[in-house]
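**Student:** got a predicted structure plus its sequence, pasted below:
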Amino acid sequence: MKTPNNGPSEVLLAAQGIRKSYGHLEILRGIDLNLGTGEHVSIIGPSGSGKSTLIRCLNFLEMPDGGSIDFGGKRIWDEKSPIKEADSRAHRTKVGMVFQSFNLFATHTALQNVSIAQVHTLGRSRKAADDRSRELLDQVGLSEHLDKHPGQLSGGQQQRVAIARALAMDPEIMLFDEPTSAIDPEMRVEVLRVMKDLANGGMTMISVTHEFNFARDAADRVLFLAGGLIVEEGTPDEIFSAPKQERTQQFVNAVSGIV
Amino acid sequence: MDLAYLMQGLKGTLLIWVGSLALAVLLGVVVAAGRRSHSTWVRSIVRVWVAIVRGIPPLVWMLLLFFGLGWGLLGDSPIFAAVVALGLINSAYIGDSINAGLSAVPRGQWEACQAMALPKRVAYLRVILPQAFPIMLASSTAYAISLLKNTAIASIIGANEMVFYAYNTVQLGADALTSFFVIGLVYLAFSVPIGFLARWIEGRSVIAQVR
Ligand SMILES: Nc1ncnc2c1ncn2[C@@H]1O[C@H](COP(=O)(O)OP(=O)(O)O)[C@@H](O)[C@H]1O
Ligand SMILES: [Mg+2]
């Protein structure tokens, strides 16, 4: 079980009725997603169900077509008031994102990857940024690899650099989009450990994942997304051990290898 | 062949080459920006422009500019007319190779920049261009070499470049085979090292290594 949050937490993120289509294809058909400070929600669901699209809407890498998003108690976006470039940039500094394919900057070392946005987005001095980067890379177990380029690191190592890079912005929330799906199974454990430590340390997180054991251990709540809707929502135990919906049961069984 | 004569011609050739290359890169940036514009209008205009520029032979462009379209500005200087003609034509090619270089940078690199709210200028200068540049340079270099060879066409409008000088010396009694053989070697002396340089740069590109 995840370490529970102390005390009542206020809502940090409230997304209501999020809709998104690509052409005629309706991907998200009205998703509500509320997240308290310090809470960790895992999203599971079949591939193509819109999990990536949903979390990419939360930092405006995709613009939703409908609904509203509140962050820290303030309305930052709804369908009637499109967000300004400066506001979406300000929002993104508070939201850390970890991609399935790492997306480390190929011409930068691990240290430079973690420092670049501290310097150029947050305006920290190079020295302060590098000090913080070393600290974070140490925290994710990569202090030996500061000067390596992404091409010289394994997938698991690259993803840990990417996590450090996102943490370096001191985000209020972290979004993980299938962070271990592109990593060899035996290399996933280190990444999952880092994520688990973060969750237990009180980081507010949304993780899209197929790692049910991780979600069981590290999530407060699990959402099952299918067909552009949240089919079921509950504690890890409710979703993985006693799902109410037939569809959830089928999906959980299929992923767990139960026929 | 008289060496001083050869050097004179070489000066003309290099002037046309460097001048038109500079113009082509300058306009190429505009073409690439247009190709990547969000506006369908801008993209269509650029597409038509590129088709026109590429669809007419370099010689015809030179003749057009030298005799007709120069509005008196270009008619006096064949070298200047050649620079403009070759610069225009190659802006289309260079623009497309700039565009192709930018497109070769994986989308995820842009998205990471956006997700971290990196200013656009920083994203371009520090993340995107360092990866795109080797690719742009490799293909642009191929065009630069064909541009060098196309400078020879300017002899027809009377630009004082190598072929023009060589032809004149032959008219004055120099041995034709030797004269043209020598300038052939001079072209090679420029194009071969540049080709090697391009391949070396391309080999060092991060994107090429990943593939
Ligand atoms: N930029 C896009 N343009 C068109 N269709 C897209 C785009 N991005 C995603 N899709 C489609 O939207 C659907 C949901 O995609 P995605 O959110 O990536 O699903 P998931 O992450 O759950 O696998 C898929 O069918 C995908 O093909
Ligand atoms: Mg996905």
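**Tutor:** Right, received. Where do you want to start? Numbering: from 1, shown residues only, chains lettered A, B, ... in the order given. Ligands and ions are numbered 1, 2, ... in the order given.
**Student:** rest of the way, CA atoms for contacts and neighbours
**Tutor:** OK.
**Student:** can you tell if stretch A:190-205 touches chain B?
**Tutor:** No: on the criterion C-alpha under 8 Å from any C-alpha of the partner chain, stretch A:190-205 is out of touch with chain B, staying 15.6 Å away.
**Student:** contact partners of that stretch?
**Tutor:** A:2-5, A:35-41, A:140, A:156-157, A:159-160, A:172-176, A:179-180, A:214, A:217-219 (C-alpha atoms under 8 Å, 6 or more residues apart in numbering or on different chains).
**Student:** same question, stretch A:52-63
**Tutor:** A:15, A:18, A:20, A:27-28, A:64, A:69, A:88, A:91-92, A:95, A:175, A:177, A:208, B:111, B:114-115.
**Student:** do it and ligand 1 meet?
**Tutor:** Yes: Stretch A:52-63 reaches ligand 1 (C-alpha under 6 Å from any ligand atom) through A:Ser52, A:Thr53.
**Student:** buried ones in that stretch, by neighbour count?
**Tutor:** A:Ser52, A:Thr53, A:Leu54, A:Ile55, A:Arg56, A:Cys57, A:Leu58, A:Asn59, A:Phe60, A:Leu61, A:Met63 (16 or more other C-alpha atoms under 10 Å in any protein chain shown).
**Student:** hey, C-alpha coordinates of that stretch in PDB?
**Tutor:** Extracted C-alpha coordinates of stretch A:52-63, given in PDB (Å, rounded to 0.1, in the frame of the first residue of the first chain):
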ATOM      1  CA  SER A  52      -2.000   9.600 -23.600                       C
ATOM      2  CA  THR A  53      -4.400  12.100 -25.100                       C
ATOM      3  CA  LEU A  54      -6.000  12.700 -21.700                       C
ATOM      4  CA  ILE A  55      -2.800  13.500 -19.800                       C
ATOM      5  CA  ARG A  56      -1.400  15.500 -22.700                       C
ATOM      6  CA  CYS A  57      -4.500  17.700 -22.400                       C
ATOM      7  CA  LEU A  58      -3.500  18.400 -18.800                       C
ATOM      8  CA  ASN A  59      -0.400  20.400 -19.900                       C
ATOM      9  CA  PHE A  60      -1.900  21.500 -23.200                       C
ATOM     10  CA  LEU A  61       0.400  19.500 -25.400                       C
ATOM     11  CA  GLU A  62      -3.000  18.800 -26.900                       C
ATOM     12  CA  MET A  63      -5.800  21.300 -26.700                       C
END
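**Student:** so for that stretch, mean pLDDT?
**Tutor:** Here stretch A:52-63 scores 96 as its mean pLDDT.
**Student:** now a ChimeraX select for only the buried ones of the contacts of stretch A:190-205.
**Tutor:** To isolate the buried ones among the contacts of stretch A:190-205 in ChimeraX, judged by 16+ other C-alpha under 10 Å, type:
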select /A:2,5,35,36,37,38,39,40,41,140,156,157,159,160,172,173,174,175,176,179,180,214,217,218,219
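**Student:** so which of the contacts of stretch A:190-205 belong to strands?
**Tutor:** A:Leu35, A:Gly36, A:His40, A:Val41, A:Ile173, A:Met174, A:Leu175, A:Phe176 (DSSP state E).
**Student:** can you tell me which helix in chain B is longest?
**Tutor:** helix B:3-35 (DSSP state H).
**Student:** ok, and what's touching the helix or strand following it?
**Tutor:** Using DSSP states H and E, the helix or strand that follows helix B:3-35 in sequence is helix B:40-55. Contacts to helix B:40-55, defined as C-alpha under 8 Å, 6+ apart, come from residues B:Val31, B:Gly34, B:Arg35, B:Arg36, B:Ser37, B:Leu88, B:Ile89, B:Ala92.
**Student:** can you name the element that comes right after helix B:40-55?
**Tutor:** helix B:58-63.
**Student:** residues of that following helix that come out buried?
**Tutor:** B:Pro58, B:Leu59, B:Trp61, B:Met62, B:Leu63.
**Student:** the closest residue to the third one other than its chain neighbours: which element?
**Tutor:** In other words, B:Trp61. Nearest residue to B:Trp61, sequence neighbours excluded (C-alpha to C-alpha, 6 or more residues apart in numbering or on different chains): B:Ala85, at 5.6 Å. B:Ala85 belongs to helix B:78-104 when assigned by DSSP H and E.
**Student:** average model confidence for the helix or strand following that helix?
**Tutor:** The first helix or strand that comes after helix B:78-104 along the chain, using DSSP H and E, is helix B:107-115. Mean pLDDT, computed over helix B:107-115, is 97.
**Student:** quick one: buried residues of helix B:107-115?
**Tutor:** Result for helix B:107-115 [16+ other C-alpha under 10 Å]: buried residues B:Gly108, B:Gln109, B:Trp110, B:Ala112, B:Cys113, B:Gln114, B:Ala115.
**Student:** who in chain B is up against chain A?
**Tutor:** B:108-109, B:111-112, B:114-119, B:122, B:127, B:130-131, B:206, B:210.
**Student:** which residues of chain A lie near ligand 1?
**Tutor:** A:Tyr22, A:Ile27, A:Ser47, A:Gly48, A:Ser49, A:Gly50, A:Lys51, A:Ser52, A:Thr53.
**Student:** scan those and report the most crowded one.
**Tutor:** With neighbours taken as other C-alpha atoms under 10 Å in any protein chain shown, the top of the residues of chain A next to ligand 1 is A:Lys51, carrying 24 neighbours.
**Student:** residues contacting that one?
**Tutor:** Going by C-alpha under 8 Å, 6+ apart, A:Lys51 touches A:Ile43, A:Ile44, A:Gly45, A:Val208, A:Leu225.
**Student:** quick one: low-confidence parts of the stretch 1-150 of chain A?
**Tutor:** A:5-8 (pLDDT under 70).
**Student:** then chain B?
**Tutor:** Those would be B:1, B:69-75, B:206-211, if you go by pLDDT under 70 across chain B.
**Student:** for ligand 1, what is the nearest residue in it?
**Tutor:** Ranking the residues of chain B by distance to ligand 1 (C-alpha to the nearest ligand atom) places B:Arg107 first, at 11.1 Å.
**Student:** what about A:Leu33, neighbour count?
**Tutor:** Counted with other C-alpha under 10 Å, residues neighbouring A:Leu33 total 16.
**Student:** these two touch, right, it and A:Ala15?
**Tutor:** Yes: with contact defined as C-alpha atoms under 8 Å, A:Leu33 counts as touching A:Ala15 (5.0 Å).
**Student:** can you tell me how far B:Pro129 is from A:Ala117?
**Tutor:** Pro isn't right for residue B:129; it's Leu. 17 Å (C-alpha to C-alpha, to the nearest Å).
**Student:** same check on A:Ile31?
**Tutor:** Using C-alpha to C-alpha, A:Ile31 is found at 31 Å from A:Ala117.
**Student:** the more surrounded of those two?
**Tutor:** When A:Ile31 and A:Ala117 are compared for neighbours, A:Ala117 comes out ahead with 26 against 19, by other C-alpha under 10 Å.
**Student:** got the contact list for whichever strand or helix holds the more buried one?
**Tutor:** A:Ala117 belongs to helix A:110-120 when assigned by DSSP H and E. For helix A:110-120, the surrounding residues in contact (C-alpha under 8 Å, 6+ apart) are A:104-105, A:124-126, A:129-130, A:132-134, A:137, A:145-150, A:161-162, A:164-166, A:168-169, B:116-119, B:122.
**Student:** great, nothing more from me.
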